[in-house]
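Q: can't give you the sequence, but here's the structure:
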């Protein structure tokens, strides 16, 4: 049994299992495959902030992540996985956790309602995009399946998967997963927490 909050280890292990082949797999133009540098990949998709007994973690799961997960089944081809999961390209999924360590060593995590109310993706030009309240059923089912894989025995009670649109209302992509860029998740301040 994993200790409270140790789902982070499970997430890192899932990334290692789900993306065993290569980051270049995100680009259809690539025909050669090189091994994934797991440390570099984790730095790219995950952010951990620990400050004053407050731990906040965010992990981005782009649509391409789900394609790579499907490819762990050797009977699935890349073309088939990309076609079957094409509907996820319109969304960004982000795992978010925010917890405050208590004097007795336990951690109190923010609720999903608190996390959802505070979370926005901030674009390079300063616009803020809120998570989708009710993602389409197919998206919800896929995200729930990934959460179950991440949990895999870990305590994920304080971890929530938020689904955001991949583009602003005017159609501008928040980030292009095939290019170097920046995706910024902001947890806005509320009565109990400062913005981070």
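A: Alright, I've got the coordinates. Note that the coordinates shown come from a computational prediction; the quantities given were computed from them, not determined experimentally.

Q: show me the strands in this protein, by range?
A: 46-51, 54-61, 91-101, 107-109, 119-122, 128-129, 159-165, 184-187 (DSSP state E).

Q: list of residues touching stretch 118-134?
A: Contacts of stretch 118-134 with the rest of the structure, by CB atoms under 8 Å, 6 or more residues apart in numbering, involve 91-92, 94, 96, 98, 110, 116, 140, 162-165, 168, 172, 174, 182-190, 193. Heads up, the C-betas are built off the backbone N, CA and C, glycines and all.

Q: and the longest helix along the chain, what does it pack against?
A: Longest helix in the chain by number of residues (criterion: DSSP state H): helix 137-151. Secondary-structure packing of helix 137-151 (3 or more CB pairs under 8 Å, 6 or more residues apart in numbering; DSSP states H and E): helix 7-18, helix 63-70, strand 91-101, strand 159-165.

Q: any idea of the angle that helix forms with strand 54-61?
A: Here the directions of helix 137-151 and strand 54-61 differ by 120 degrees (axes from the mean of the first three to the mean of the last three CA atoms, to 10 degrees).

Q: can you offset everything so residue one is 49?
A: With the count now opening at 49, the last piece we talked about shows up as helix 185-199.

Q: run the chain-centre distance for helix 185-199.
A: Remark: helix 185-199 is offset 11 Å from the chain centroid, using CA atoms, centre = their mean, to the nearest Å.

Q: average pLDDT across it?
A: In this model, helix 185-199 has a mean pLDDT of 82.

Q: that one vs helix 111-118, what angle?
A: 60 degrees.

Q: quick one: helix 185-199 to strand 139-149, angle?
A: 40 degrees.

Q: and residue 203, what pLDDT?
A: 63.

Q: buried subset of the contacts of stretch 166-182?
A: Buried members of these, counted by 16 or more other CB atoms under 10 Å: 139-140, 142, 144, 146, 158, 164, 210-213, 222, 231, 233, 235, 241.

Q: any chance of the strands of the chain in a markdown table, with mean pLDDT and distance to residue 196 too?
A: A markdown table is the format used below for those (pLDDT from 0 to 100; distance: least, CB to CB, whole Å):
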| stretch | mean pLDDT | distance to residue 196 |
| --- | --- | --- |
| strand 94-99 | 86 | 19 |
| strand 102-109 | 88 | 13 |
| strand 139-149 | 91 | 13 |
| strand 155-157 | 89 | 19 |
| strand 167-170 | 92 | 21 |
| strand 176-177 | 91 | 26 |
| strand 207-213 | 93 | 11 |
| strand 232-235 | 90 | 22 |
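
Q: okay if I get those strands as TSV plus distance to residue 120?
A: Shown next, in TSV, are the strands of the chain (distance: least, CB to CB, whole Å):
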stretch	distance to residue 120
strand 94-99	20
strand 102-109	15
strand 139-149	18
strand 155-157	29
strand 167-170	28
strand 176-177	30
strand 207-213	19
strand 232-235	27
